[in-house]
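Asker: The following block contains a protein sequence and its predicted model.
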Amino acid sequence: MDFEFITDESQREQAVEAYNSSIADINDQHKLTLDEEVNGLKSKNAEILDEKKKVDGKLKEFDNYDFDKANEAMDFLKNNDNAKLLKDGKVDELIEKETSTMRSDHEAAVLELNGNLNEQTTRGNLYEGLYKTKMVEDALRDAAVEAKIRPEAITDVLLHGRNIFSLSEDGSIEARDAENKLRKTIDDKVLTTSNWIEGLKKSSPHYWPGSKGAGAEGGGGGGDDLAGAIQRAADSGNHTEYRRLRKKQLAN
């Protein structure tokens with residue numbers, strides 16, 4: 001995982017340390033699981049060989065054709081599936097039978113470890129996305145405050161601006177078009193958060209505090225236009241009316 005998108009060195013080191021720690025834990029757990037499975041297989045093989053010796057010893061007890069012991073041996077072979085396989089020389093089949101469950105457990109453990117790794121990767125990607133969004137919003141907020149935009153309008157500026165600007169690989173805030181070229185203003189300057197907000201003075205003048213008496217002069221005409229109505233709604237704190245009129249203005 002590459003954390004170079006985090007410009008703050010301290011935050012980047014913490015993110016890298018946390019990510020590497022989680023990967024190391026997963027690898028250690030994976031190795032521990034494999035070691036346990038291998039040791040289990042070795043132990044099971046030893047048990048099978050020991051059982052084979054016992055069966056061979058059991059069969060030798062009937063060399064003198066003692067019928068009671070012969071019947072006992074037949075019952076043993078009949079009721080013990082592992083003994084049947086050993087008697088028929090199917091040692092590999094017996095090993096396969098005894099270790100199949102262990103392999104299934106091992107595969108389940110590997111799947112779980114892989115799932116944990118994928119989860120860590122997903123969380124890392126989510127963290128990256130949240131970080132980039134925050135950096136863009138912080139830059140837009142700083143530019144809005146510097147331009148003296150009304151505090152209640154800053155949220156609207158952030159919602160609009162984060163669809164235009166993004167965090168570049170070098171940590172700067174930039175705006176690119178569909179062809180991945182830097183967007184520019186009408187006067188052919190590279191679009192920045194500052195000059196973009198400056199341009200809002202024409203399209204969204206209600207973002208800035210206006211003269212308290214401006215909307216009341218004349219009793220009609222200019223006081224009844226859409227921009228004036230939006231300004232009055234903003235001044236009065238009527239958010240519902242403000243959003244309705246703002247939507248109408250954007251549609252025009």
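Answerer: Great, that's in hand.

Asker: can you list contacts of stretch 93-108?
Answerer: Stretch 93-108 is contacted by residues 33-34, 37, 40-41, 44-45, 48, 82, 85-86 when judged by CB atoms under 8 Å, 6 or more residues apart in numbering. Yep, even glycine has a C-beta here, placed from its N, CA and C like the rest.

Asker: Give me the average confidence score over the helix or strand hosting A83.
Answerer: Using DSSP states H and E, the element containing A83 is helix 81-87. Mean pLDDT, computed over helix 81-87, is 69.

Asker: How far off centre is the helix or strand following that helix?
Answerer: As assigned by DSSP H and E, the chain's next helix or strand after helix 81-87 is helix 91-146. Here helix 91-146 shows a centroid-to-chain-centroid distance of 7 Å under the convention CA atoms, centre = their mean, to the nearest Å.

Asker: Check stretch 27-45 too.
Answerer: 30 Å.

Asker: ok, now stretch 9-19?
Answerer: With CA atoms, centre = their mean as the basis, the mean position of stretch 9-19 lies at 17 Å from the chain mean.

Asker: Buried residues, it. List them.
Answerer: 15, 19 (16 or more other CB atoms under 10 Å).

Asker: Dump the C-alpha coordinates for it into CSV.
Answerer: What follows is stretch 9-19, C-alpha atoms only, in CSV (Å, rounded to 0.1, in the frame of the first residue of the first chain):
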residue,chain,number,x,y,z
GLU,A,9,5.0,13.1,7.2
SER,A,10,3.9,12.2,10.7
GLN,A,11,0.5,11.0,9.6
ARG,A,12,2.0,9.1,6.7
GLU,A,13,4.5,7.3,9.0
GLN,A,14,1.6,6.4,11.4
ALA,A,15,-0.4,5.1,8.5
VAL,A,16,2.5,3.0,7.1
GLU,A,17,3.3,1.7,10.6
ALA,A,18,-0.3,0.6,11.2
TYR,A,19,-0.6,-1.0,7.8
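
Asker: What's the mean pLDDT across it?
Answerer: If you average the pLDDT values across stretch 9-19, you get 75.
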